[in-house]
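Engineer: any chance you could fold what I've pasted below:
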Amino acid sequence: MDPRRPLLAFLASALPENHPELSSVLDNAEEYASRMVMTAETPACEVNARLVWVQVPSEGGVHLELVHRFEVEMEHNWYETTATASLPHHIVSVVDCASDSPMPLPVPSEEDKLDLVPVRGERLPNLGTFVLLGSNFDTVSSALGQGSGRRLGKALAGKKPKKGCHAKEEAAETYAPTPRNPRPPKFSKATYEVFPWGVNDPVEAAQWKAERHGQTEVEHPHLYGRETVKELGDTLASPAGWHTLPVSLDPGAESDRAAMGGRFVLAYDQHDLG
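Structural biologist: Okay, the predicted model is just below:
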């Protein structure tokens, strides 16, 4: 069975609405499918497709569905997804994988540069340092530098973007290598004022906290039930946290924020995907 049309159905769902290629994929699906070349399985960058059976929930319990399973490496995501082989093609499952971040490079302050003194300690550079070449989304990855063009960070200064599937590998090699005994840079962890896991609503959270502190006789506002929690992110996999931030909220520019950007996710390690 031809996997090209199910793959296009997934790509149409994966691309953001403002992506320049989205409307073209939707309007010219047959043309895109005809230009796809099917070959034997190869290593990186090509989309790997396999025909498999999966269990799909149905009214009578579950049934077996014949699907195409794809590994799709995109600019900011690495998807493992399944789409039905039969028409109309619909997505059955999606796993979004991410590689560990490269270790940050020590960045001297302006005073250090002028005095020509060694860098004192490690600190987290602006998020632009972690961005792959050619990024085109309106986040810290596309922050403009003082001159023209994108801010590529010190590790990428002077590098020209490569085209083709090896561009990501080339960019990754320009970063500081991850040491064998990694020591993520020390910086202040973010804290969150949140309602604790396990409570149904703010009223219950306030009641629970009042009981723990022996203050049941006093009426408390709903926000009283919030707890101060430190972030539990994997500092090796993502030194700057798990949130996608707009340029205006780059941690290199300010340290305190009243709002949190991003979505809640279930994150886990799967080392065999690189």
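
Engineer: so how many other residues sit close to residue 207?
Structural biologist: The criterion is other C-beta atoms under 10 Å. On that basis, residue 207 has 16 neighbouring residues. Every residue, glycine included, has its C-beta placed from N, CA and C.

Engineer: give the contact list for it.
Structural biologist: Under the criterion of C-beta atoms under 8 Å, 6 or more residues apart in numbering, the neighbours of residue 207 are 216, 225.

Engineer: do the same with residue 196
Structural biologist: Under the criterion of C-beta under 8 Å, 6+ apart, the neighbours of residue 196 are 205, 208, 225, 227, 229.

Engineer: for the fourth one, grab phi and psi.
Structural biologist: Main-chain dihedrals, residue 227, degrees, to the nearest 10: phi -120, psi 150.

Engineer: who's in contact with it?
Structural biologist: 193-196, 209.

Engineer: doesn't residue 56 lie inside a helix?
Structural biologist: No: according to DSSP: H, G, I helix; E, B strand; the rest coil, the state of residue 56 is strand, so it is not within a helix.

Engineer: in helices, which of the contacts of residue 227 fall?
Structural biologist: Counting by DSSP state H, the part of those found in helices is residue 209.

Engineer: quickly name whichever of the contacts of residue 227 is closest to residue 50.
Structural biologist: Checking the contacts of residue 227 against residue 50 with C-beta to C-beta, the nearest one is residue 194 at 41.0 Å.

Engineer: any idea how far that closest one lies from residue 211?
Structural biologist: Computed with C-beta to C-beta, to the nearest Å, the distance linking residue 194 and residue 211 is 19 Å.

Engineer: which of the two has more residues huddled nearby?
Structural biologist: More neighbours sit around residue 194 than around the other of residue 194 and residue 211, counting by other C-beta under 10 Å; the figures are 13 against 10.

Engineer: residues in contact with that one?
Structural biologist: Contact criterion C-beta under 8 Å, 6+ apart gives 226-227, 229 as the residues in contact with residue 194.

Engineer: tell me where the model's unsure across the stretch 51-200 of the chain.
Structural biologist: The model of the stretch 51-200 of the chain has pLDDT under 70 over residues 74-76, 98-190.

Engineer: if you set the cut-off to 90 instead, what comes out?
Structural biologist: 51-52, 54-63, 65, 68-200 (pLDDT under 90).

Engineer: let me have the contacts of residue 194 in JSON lines, adding distance to residue 46 as columns.
Structural biologist: As requested, the contacts of residue 194 are arranged in JSON lines below (distance: C-beta to C-beta, whole Å):
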{"residue": "226", "distance to residue 46": "48"}
{"residue": "227", "distance to residue 46": "47"}
{"residue": "229", "distance to residue 46": "42"}
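
Engineer: now, which of those sits nearest residue 80?
Structural biologist: The closest of the contacts of residue 194, once distances to residue 80 are taken by C-beta to C-beta, is residue 229, at 30.8 Å.

Engineer: surely that closest one and residue 195 touch.
Structural biologist: No: counting by C-beta atoms under 8 Å, no contact exists between residue 229 and residue 195, whose distance comes to 10.0 Å.

Engineer: and residue 66, what does it touch?
Structural biologist: Residue 66 sits in contact with 1, 51-53, 84-86, where contact means C-beta under 8 Å, 6+ apart.

Engineer: turn the residues you listed into CSV, including neighbour count, distance to residue 201 and secondary structure.
Structural biologist: Compiled in CSV, the contacts of residue 66 are given as follows (neighbours: other C-beta atoms under 10 Å; distance: C-beta to C-beta, whole Å; DSSP: H, G, I helix; E, B strand; the rest coil):
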residue, neighbour count, distance to residue 201, secondary structure
1, 10, 49, coil
51, 11, 47, strand
52, 12, 42, strand
53, 10, 42, strand
84, 18, 39, strand
85, 18, 44, coil
86, 11, 44, coil
